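Engineer: Got a sequence here, can you model it:
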Amino acid sequence: MPAAGPAMPTAASPAARARPRAGLLVGTLVVAVFALVVGVAAVVMSALALGRSDDAVTIANVARNERPVPPPGPPPTGPPPTGPPTTDRPTTGPTGTDQPAPDPTATGPTAGPTEISPTAKFDVAYEGEKLRVRSKSCGYSGGRMYVDLDNPPTVGVGPENAEFDYDGCDPGKIGIDLPFAQVPGATATPKDCLESIRTDPGRSPVAPTRGMTLCIVTSQDKAAAAGTTQKLVFVTVDAITVDNQTGVLNVTAKAWTVPQ
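Structural biologist: Here you go, the predicted model:
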């Protein structure tokens, strides 16, 4: 029998041919899944890193805003600056204030009622002086009659020399630009006058009534300029009448010299 020759290759079966393709597909899928996982991980890590960066910025801002203020240092030592002081106020006088410079010819402040001692000794300057003060008209304003109460008291002076004025009629009105008050009557004392001016000062003008007593403190400066002394004067209303369309105020005046 002839010897058998080498075996001839036979065609591969379909199952054998499909196995390599399946392996390749599986490998491809594994690689894709791995790449997807890596990408997702990268995104998550980036988000975490961004969040940490924002937290760091926020913490830094809070720390900067809440940083404690350092305590003030010790006060400076040594003499203060010697330069001229700065001010926004005008300096109209030599004293460096906004007050006018004092008048070298001034005779001093006028003694007001609060500067006169109620317990001082008052000497009578005059008493029992009867004055008839007639207004210029009953029909219009501006008909004042002015009275000077210095020694001696005089009716019909200029307004610059007057202590009070009378205007109108029935009863008219008394105008006074000096400290004054109403006292119980002509028997009151200078102390009563000063206490009344302090506790219940009068307000001008005054409607006169019969029996009313007004006490008036004259101006010290005006008296000095006239060569006389400051007075404390009682003016008591005796009668109020009307004569020929004018008002007539009858009063009795008594004055004390204010102690200097």
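Engineer: surely Lys191 meets Thr119?
Structural biologist: Yes - look at Lys191 against Thr119 with Cβ atoms under 8 Å: they come within range, at 6.9 Å. For the C-beta atoms, the positions are set from N, CA and C on the backbone; glycine is no exception.
Engineer: The two: which has the busier surroundings?
Structural biologist: Neighbours were counted for Lys191 and for Thr119 using other Cβ atoms under 10 Å; Lys191 has more, 13 against 7.
Engineer: Are we agreed that the more buried one is in a helix?
Structural biologist: Yes - using DSSP: H, G, I helix; E, B strand; the rest coil, the assignment for Lys191 is a helix.
Engineer: and the gap between it and Val237?
Structural biologist: 22 Å (Cβ to Cβ, to the nearest Å).
Engineer: now swap in Glu129 and tell me
Structural biologist: In terms of Cβ to Cβ, Glu129 sits 14 Å off from Val237.
Engineer: tally of neighbours for Cys169?
Structural biologist: That count, for Cys169 with other Cβ under 10 Å as the rule, works out to 22.
Engineer: if I look at it, how far off is Arg203?
Structural biologist: The gap separating Cys169 from Arg203 is 21 Å, by Cβ to Cβ.
Engineer: Let me see the confidence value for Pro201.
Structural biologist: On the pLDDT scale, Pro201 is placed at 97.
Engineer: That one reaches Leu178, doesn't it?
Structural biologist: No - the pair Pro201 / Leu178 is not scored as a contact, 10.6 Å apart, by Cβ under 8 Å.
Engineer: who's more crowded, the two?
Structural biologist: More neighbours surround Leu178 than the other of Pro201 and Leu178, with 19 against 12 (other Cβ under 10 Å).
Engineer: In contact with that one: list those residues for me.
Structural biologist: Glu163, Phe164, Ile216, Val217, Thr218, Ser219 (Cβ atoms under 8 Å, 6 or more residues apart in numbering).
Engineer: hmm, try it at 10 Å
Structural biologist: 112-113, 149, 162-164, 197, 202, 204, 216-219, 222, 233 (Cβ atoms under 10 Å, 6 or more residues apart in numbering).
Engineer: Out of those, show me where the pLDDT dips lowest.
Structural biologist: Ranking the contacts of Leu178 by pLDDT, Gly112 lands last with 67.
Engineer: Low-confidence ranges, the stretch 101-250 of the chain, go.
Structural biologist: For the stretch 101-250 of the chain, the stretches flagged by pLDDT under 70 are 101-112, 114, 140-142.
Engineer: mind redoing it with 50?
Structural biologist: For the stretch 101-250 of the chain, residues meeting the criterion pLDDT under 50 lie at 101-110.
Engineer: So which residues of it form strands?
Structural biologist: Along the stretch 101-250 of the chain, counting by DSSP state E, counting those that start in this stretch, strands occupy 123-134, 145-148, 154-155, 164-167, 173-176, 180-183, 213-217, 231-243, 246-257.
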